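**Q** structure here, sequence nowhere to be found:
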């Protein structure tokens, strides 16, 4: 978990500075947001490779457009809901994972930060 914060911190710093400059990324999500999502879901080495190739594609030779990251993710088992009432409460959804194959998902961000209340 601390490794993720180590790699995400410089990207967040860049995003803070880049808000003062005109937008110029050819893709949605932006290359920096793509990098943050990659580092949150993938190993640092794979995330660095994917983010670097994305930044290299962000030029006049490529059309750009919508390019959501595809990540490997193993969802937790659903047994935790039935174990005890200590797990009930509110959760905030930050990302939606859309399955493409058995263990690969497309990551999209929940723009409204949905809060769901779990109850028995």
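**A** Here it is on my side, so go on. Just so it is clear, the structure is predicted and the values come from calculations on it, not from any experiment.
**Q** and the residue sitting nearest the centre point of the chain, what element?
**A** The C-alpha lying nearest the average C-alpha coordinate of the chain belongs to residue 37 (C-alpha atoms, centre = their mean; 2.5 Å). Per DSSP states H and E, residue 37 falls inside helix 31-41.
**Q** which residues touch the nearest residue to residue 64 once chain neighbours are set aside?
**A** Distances taken as C-beta to C-beta, 6 or more residues apart in numbering put residue 26 closest to residue 64, at 2.9 Å, once the chain neighbours are dropped. Glycine gets a C-beta too; all of them are placed from N, C-alpha and C. When contacts are counted by C-beta atoms under 8 Å, 6 or more residues apart in numbering, residue 26 touches 58, 59, 62, 63, 64, 65.
**Q** in stretch 46-59, which residues are buried?
**A** Applying a neighbour-count criterion of 16 or more other C-beta atoms under 10 Å, one finds 47, 50, 51, 54, 58 buried in stretch 46-59.
**Q** what helix or strand does the fourth one sit in?
**A** Think residue 54. Of the helices and strands defined by DSSP H and E, residue 54 is found in helix 44-57.
**Q** tell me the pLDDT at the residue nearest to residue 64?
**A** Looking at residue 26, its pLDDT reads 86.
**Q** now it: how far from residue 58?
**A** Distance, residue 26 to residue 58, by C-beta to C-beta, to the nearest Å: 5 Å.
**Q** which neighbours do those two share?
**A** By C-beta under 8 Å, 6+ apart, the residues touching both residue 26 and residue 58 are residue 64.
**Q** torsion angles phi and psi at residue 9?
**A** As for residue 9, its main-chain torsions (degrees, to the nearest 10) stand at phi -60, psi -50.
**Q** run a quick neighbour tally on it.
**A** For residue 9, the count of nearby residues is 10 (other C-beta atoms under 10 Å).
**Q** quick one, helices of the chain?
**A** In the chain, the helices defined using DSSP state H lie at 2-18, 31-41, 44-57, 80-83.
**Q** so residue 96 touches residue 111, yeah?
**A** No. Under the criterion of C-beta atoms under 8 Å, residue 96 makes no contact with residue 111, lying 10.2 Å away.
**Q** give me the more crowded residue out of those two.
**A** Just comparing residue 96 and residue 111: by other C-beta under 10 Å the higher neighbour count belongs to residue 96, 12 against 6.
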